[in-house]
Structures are given as C-alpha cells and as structure tokens.
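[1] here is the input, now give the coordinates:
(one chain, ligands or ions: 3)
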Amino acid sequence: MVTAMTKRLFIALAMLTIVGAALYWPVVAPYRALAQTSNRSFDTNDPKLIAKGEYLAKTADCAGCHTAPPGGPSGKEPLHPSAPFAGGLPMGSPFGTIFSSNITPDPAVGIGRYSYVDFVRAVREGVAPGNKRLYPAMPYPSFAKISDDDMHALYAYFMHGVAPVAKPAPRTKLPFPFNQRWALMFWSFAFAPNDVFVPQSSRSAQWNRGAYLVQSLGHCGACHTPRGPAYEERGYDEQSRRYLTGGTNDHWFAPNLTGDKGSGLGRFSEQDIAAFLRHGQGGGLVTFGSMVQVVEDSTQYMTDDDLLAIAHYLKSLPAHEPSGHFDNQSRAALRTVRAMQTGDVELPGAGIYQSFCARCHKADGMGEPLEYPRLAGNPAVLSPHTDSLVRLLVEGGEAPHTVAGPVPKKMPSFAGKLTDTEMARVLTFVRNTWGNDAAPVTTRDVQSVRGSIGK
Ligand code: HEC
Ligand code: HEC
Ligand code: HEC
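    Ligands and ions are numbered 1, 2, ... in the order given. I've put the predicted structure just below:
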C-alpha cells in the first residue's frame, strides 16, 4: 500500500515538475499571498485581538499538531506535559515521518522573527521564510481561505499571546525524492487552491459561517475528504462531489459527513452533531480514533453559535457516495434483536459479540446513553472502509476528555483476546445486525491493518 502510493506519488511529482515548470514562473510566481493580503495596519498588542486569535487558534487546532505528545517526539523523554506550540509532533505520512515546527515566538528556533507577511505566506500557502516549502501535513490548502481579519488576530496571538520556547523541533528527514522541498512548489501549484472564501448571498449568515469554519480554520476535509494519487484532497468545498465523503489517514477512516442515510449524517440532527463536537457524544455516537483529539483540542472550545453553524452547513450537504444501509424495522433486524435477547444465536460472530461486547454495547446494539456508543445505525460502523473498526478493536480506545462532557469511558483492546478471524467475524456481525447492512470484514482486512500498524 505504501510502496504503491509512493510510486504513484513519484510519477505524479515527476510529471508535475515538467508541466509546472512550463507554467509556474510566467503565470503564478509573483507572490500570490501578497495579492490577497490587505495592507490595513493593525495593533498586534491589542488584547482584544490577541484573545480573538487565541480562540481562532483553537478552532484551527494549531496546538493539536504543533505540540509534542507526552514523552516528547521520541516518546523517551520524561512525561511532563510538553510546551504548547513548541512542535515535534511526529506525523505519519505515506512518505515517512514529518515533525511539526516550533511556532512559538522564539526568535531563533520559532517564528519570532516572522513579519506578518511571512506568517500569511506560511499559513495560507505553505511557504516559510527562505522559500522553505512546507509539506501538506500542514493543512495550508484549507488555511488559504482564512480571512484577513482572522489572520491579523492569529498573528497578534502568536507574537504576543504565546510563550517563547527555545527548544528546536526535530528535523524532518524524508527519503529522496520527498526530501526535495522545492518540488512541492509544483504540488502546491497543481493541487492547493488559493481561493479566498466568498460568502454565498443566496445562503443564510449561519450557513456561511459554518461553511467558512469547516473549509478554512476547521480543515475538516484534511481527514474527511478522500485523497487522490498525489495525496491531494479531492475537493475543498461543496461544489465538489467528493468533498467530505470520507477519507483514511493513518488507518483511521473519517466518515462521510454528507447527508447519506447509511454511513453519513443523514439520520442525525444539527443538535446531535453540535453535541458530538462539544462533548464527544451525540445521537448515541461516541468520538473515537483521530477525532478524539479534534474534540479535545478544538471543537469543545467553540461557541454554541459556531458549533450549530458547522452542523447547519454539514446538514445542507446532499448525500454523496452513499454506502451501507440501516433499517431497524426490517424483518431481518427484528429477528436478530429477538435472537440476541433470547440467547438463540447462531450467526457467526454472534457468540463473540455476546461474550465480549454486549456488556457495554448491549444485546440490542443501542449502547448506553452518555456512556457507550450505539453500534446499531452507527455511520462509522456502516462505513465502506473498515480500517478504523479494526484499529479500534486492536488498540482499544477512550472517549474524549472534555470540560463539560460526561466522564470518558474506555473500550478495551482485544489484541490478545480475539484472533484475526474472530475480529473479522464479530465486525461482520455488528455490520449486519439490528438493521445494519454493510459489506463483511475479512480476515485479510484485519491482517492488513494489523500489519500496517504493527500491532
Ligand atoms: C494537521 C496538523 C497541523 C495543523 C492543524 C497546523 N499545522 Fe502548522 N505545521 C504542521 C506541520 C507538520 C508543519 C511542518 C511542515 C514541514 O516541515 O514541511 C507545520 C509548519 C508550520 C509553520 C512553518 C514553520 C517553519 O518555519 O517551519 C507555521 C508558521 C505553522 N505551521 C503555523 C500554524 C498555525 C498558525 C496553525 C493554526 C492556524 C497551524 N500551523 C496548524 C502541521 C499543522
Ligand atoms: C485528524 C482527522 C480529523 C479531523 C481534522 C476531523 N475529523 Fe471528524 N472524524 C475523524 C475520524 C477518524 C472520525 C471517526 C471516528 C468517530 O466517529 O469519532 C470522525 C468522525 C466525525 C463525526 C462523526 C461522524 C459519524 O458518522 O460517526 C463528525 C460529525 C465529525 N467527525 C465532524 C468533524 C468536523 C466538523 C471537523 C472539522 C471541524 C472534523 N470532523 C475534523 C477524523 C477527523
Ligand atoms: C468495557 C466496555 C466495552 C466493551 C466490552 C466493548 N466496547 Fe466498543 N466501545 C466502548 C467505548 C467506551 C467506545 C468509545 C471508544 C472511544 O471513544 O475511543 C466504544 C466504541 C466502539 C466502536 C466505535 C463506535 C463509536 O461510535 O464510538 C465500535 C465499532 C465498537 N466499540 C465495537 C466493539 C466490539 C465489536 C466489541 C466486542 C469485541 C466492543 N466494542 C467491546 C466500550 C466497550
């Protein structure tokens, strides 16, 4: 999988180098960011602006990526909490590990010497001073849409609201050809849109606010939009049919957020979605995998108005890329519920479910409100890609810790308890019981995910 991806990317880069070289200089080279950056002056010491920047940095989750995990980048340092924004988070990509940068205002190892224009170019276009091209692990294709007003606030916050940390982040060392940062110029040219966000006058203010947050600061598409052969997102707004229809990063599948009634948000209300983003729990779903950090670092801090705007925008997206079905009134659904309740279970996987899962997720698959997620009608369970389900079963998980949410519960790891075949069976069972209807999971699916995550 990685080598196939690597090969495709290499070919794509080679092609782009040729096409891009012919087009780039005459057409786009003159500083694109400057064209859209307003020259209006602003006071970087204004406490109101700094406070606004702090909120925006949360909505964009700058800290989530720019803070090392406990134990430092190597995992071997002492477990004291690592300094926010000092960088060093190792991020897995198909080409190797990329470390995030120190973005504290330290003048030597951070961004203390950045002018406002340097900051705008880095965040919107992925070009740091000295023409250092950034890998798209930094979501600049989305951040391109951050408004000038919001950029002012972010700059004020990073210059005056963040404590400088003099510790350098580890260097990223990717193998050739991916260590050739200059080549990313062509990648950006071909794949990173440089459009500003334009509100749609036919839509409400709430819709436009939601669209802006999802597409720019929230960079939800970085995980929820499928990627193409050169790691580019297949669309950056609702004009594209693939936008937010689900993507896999680091073996977590981020589900379809369009209106699909099977594995999308079609059966969930705006209130369910807002609660999910605030507390990690909504509509009977519980956040897991890479979404846990998004809720912990970012969405739990958003205002109610912003969360409802996001939910409103998501609910406006028509169903695309439908997959999986849920019908809890179907005859098969009623039969399995009855069989599970009377203990008369002969389906492969049913016995495993009774012994290992029903305690928390319940015989009827409805879980326990504010404790355990429902598996019946759960879009993540019905998704076309099952990497997340396998990964969760192997590693276990814990619901997000939030300021105002319920006490997070844990899902145990089944790595030592179930064989690959048993995991495939129980997942196939939960994908086809209680009215759920989705493709089976095979033993090979389980082996392939376990091989890739090395667990
Ligand atoms: C999804 C993860 C992610 C998020 C979210 C993110 N960054 Fe980054 N950022 C990175 C990575 C990774 C790099 C290093 C890329 C490289 O080395 O090519 C980076 C690099 C940068 C740089 C360049 C620093 C330098 O000189 O090397 C700046 C500035 C920056 N980010 C600012 C921000 C700000 C401000 C935010 C929030 C608005 C943000 N980032 C959010 C991952 C992220
Ligand atoms: C780092 C990757 C990542 C980012 C960024 C991200 N998500 Fe997610 N999201 C996931 C994953 C993985 C899941 C599946 C696990 C789960 O349901 O919690 C998920 C699940 C969800 C769900 C539940 C969907 C379902 O059908 O169960 C919603 C709603 C959601 N995300 C909204 C958002 C919004 C809105 C944003 C942007 C503000 C966002 N996500 C950003 C990875 C991400
Ligand atoms: C001790 C209670 C417990 C047991 C036993 C348990 N789970 Fe879970 N399960 C959870 C919790 C808590 C979550 C939320 C995990 C998270 O947030 O990381 C979860 C999440 C899930 C999810 C993702 C759905 C979502 O919306 O979060 C699936 C799928 C799942 N479990 C399947 C299973 C299967 C299959 C078994 C049996 C092999 C099982 N679980 C056993 C507690 C449990």
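[2] could you give the number of residues near the residue found closest to residue 262 once you drop the neighbours it is linked to in the chain?
    Sequence neighbours aside, residue 324 is the residue nearest to residue 262 in space, at 3.7 Å (criterion: Cβ to Cβ, 6 or more residues apart in numbering). From N, CA and C alone the C-beta is placed, and that goes for glycine too. Applying other Cβ atoms under 10 Å, we find 23 residues neighbouring residue 324.
[3] next up, the contacts around residue 324.
    262-263, 379, 382-384, 431, 436-438 (Cβ atoms under 8 Å, 6 or more residues apart in numbering).
[4] so how far is ligand 2 from it?
    Applying Cβ to the nearest ligand atom, to the nearest Å, the value for residue 324 to ligand 2 is 11 Å.
[5] and the residue nearest to residue 109 when sequence neighbours are not counted, how far from residue 107?
    Nearest non-adjacent residue to residue 109, counting by Cβ to Cβ, 6+ apart: residue 168, 4.1 Å away. Noted for residue 168: a distance of 12 Å to residue 107, by Cβ to Cβ, to the nearest Å.
[6] these two - which one has more neighbours?
    Neighbour totals were compared for residue 168 and residue 107, and residue 168 leads with 15 against 11 (other Cβ under 10 Å).
[7] pretty sure the more buried one is touching residue 102, no?
    Yes: using Cβ atoms under 8 Å, residue 168 is in contact with residue 102, at 6.3 Å.
[8] what's the burial count for the closest residue to residue 45 other than its chain neighbours?
    Excluding the flanking residues, the one nearest residue 45 by Cβ to Cβ, 6+ apart is residue 160, at 6.0 Å. Using other Cβ under 10 Å, residue 160 has 15 neighbouring residues.
[9] next up, the contacts around residue 160.
    Going by Cβ under 8 Å, 6+ apart, residue 160 touches 44-45, 50, 105.
[10] switch to 7 Å and redo it
    44-45, 50 (Cβ atoms under 7 Å, 6 or more residues apart in numbering).
[11] among the residues you listed, which are in strands?
    If you go by DSSP state E, the contacts of residue 160 have nothing in strands.
[12] if you rank those residues by neighbours, which is first?
    Within the contacts of residue 160, neighbour counts (other Cβ under 10 Å) peak at residue 50, which reaches 21 neighbours.
[13] pretty sure that one sits against residue 156.
    Yes: if you go by Cβ atoms under 7 Å, residue 50 and residue 156 touch, sitting 5.0 Å apart.
[14] thinking again about what came up before, look up how far ligand 3 lies from the residue nearest to residue 109.
    Separation of residue 168 from ligand 3 (Cβ to the nearest ligand atom) stands at 33 Å.
[15] i'd like the first residue to be 8 from this point on
    Yes, from this point I'll number from 8; that puts the last item at residue 175.
[16] look at that residue and give its secondary structure.
    Using DSSP: H, G, I helix; E, B strand; the rest coil, the structure places residue 175 in coil.
[17] could you pull out the helices in the stretch 108-257 of the chain for me?
    For the stretch 108-257 of the chain, the helices defined by DSSP state H, counting those that start in this stretch occupy 123-127, 147-150, 155-167, 191-198, 212-222, 228-231.
[18] for those helices, which one sits closest to ligand 2?
    Between ligand 2 and these, the shortest gap by Cβ to the nearest ligand atom is with helix 228-231, which sits at 2.9 Å.
[19] break this protein into its domains for me.
    Listed domain ranges for the chain are 9-198, 212-322, 332-460 (source: automatic domain parsing).
[20] and residue 453, which helix or strand is it part of?
    helix 450-460 (DSSP states H and E).
[21] which stretches of the stretch 258-407 of the chain form strands?
    Using DSSP state E, counting those that start in this stretch, the strands of the stretch 258-407 of the chain run over residues 259-261, 288-289, 292-293, 332-333, 404-405.
[22] do the last one and ligand 3 meet at all?
    Yes: using Cβ under 6 Å from any ligand atom, strand 404-405 reaches ligand 3 at 404-405.
[23] which pLDDT value does the model give residue 237?
    Looking at residue 237, its pLDDT is 87.
[24] can you narrow the contacts of residue 331 down to the ones near ligand 2?
    Near ligand 2, by the rule Cβ under 6 Å from any ligand atom, you find residue 386 out of the contacts of residue 331.
[25] and which of the contacts of residue 331 is nearest to ligand 1?
    Ranked by distance to ligand 1 (Cβ to the nearest ligand atom), the contacts of residue 331 are led by residue 390 at 21.6 Å.
[26] how close does that closest one get to residue 207?
    As judged by Cβ to Cβ, residue 390 and residue 207 stand 30 Å apart.
[27] for those two, indicate the residue with more neighbours.
    Between residue 390 and residue 207, counting by other Cβ under 10 Å, residue 390 is the more crowded of the two (25 against 10).
[28] now do the same contact list for the more buried one.
    For residue 390, the contacting residues are 253, 260, 262, 270, 330-331, by Cβ under 7 Å, 6+ apart.
[29] against residue 264, how distant is residue 326?
    Distance, residue 326 to residue 264, by Cβ to Cβ: 11 Å.
[30] low-confidence ranges in the chain?
    Across the chain, the ranges flagged by pLDDT under 70 are 8-46, 88, 350-353.
[31] now with 80?
    Within the chain, the ranges that satisfy pLDDT under 80 run 8-47, 78-89, 100-101, 201, 338-354.
[32] what parts of the stretch 158-307 of the chain come near ligand 2?
    Within the stretch 158-307 of the chain, the positions near ligand 2 by Cβ under 6 Å from any ligand atom are 221, 225-227, 229-231, 259, 261-262, 264, 272, 280, 283, 292, 294-298, 301, 306.
[33] out of those, who's near ligand 3?
    Answer for these near ligand 3 (Cβ under 6 Å from any ligand atom): 292, 294-295.
[34] check contacts around the residue in the stretch 258-407 of the chain positioned nearest to ligand 1.
    Using Cβ to the nearest ligand atom, the closest approach of the stretch 258-407 of the chain to ligand 1 is made by residue 305 at 8.6 Å. Contacts for residue 305 (Cβ under 7 Å, 6+ apart) come out as 65-66, 68, 71.
[35] please repeat the previous calculation with a cut-off of 6 Å.
    Counting by Cβ atoms under 6 Å, 6 or more residues apart in numbering, residue 305 makes contact with 65, 68.
[36] residue 459 versus the closest residue to ligand 2 within the stretch 8-157 of the chain, what's the distance?
    Going by Cβ to the nearest ligand atom, ligand 2 is nearest to residue 68 of the stretch 8-157 of the chain, at 7.0 Å. Note on residue 68: its distance to residue 459, by Cβ to Cβ, is 25 Å.
[37] the two: which has the busier surroundings?
    The residue with more neighbours, out of residue 68 and residue 459, is residue 68; 21 against 16, by other Cβ under 10 Å.
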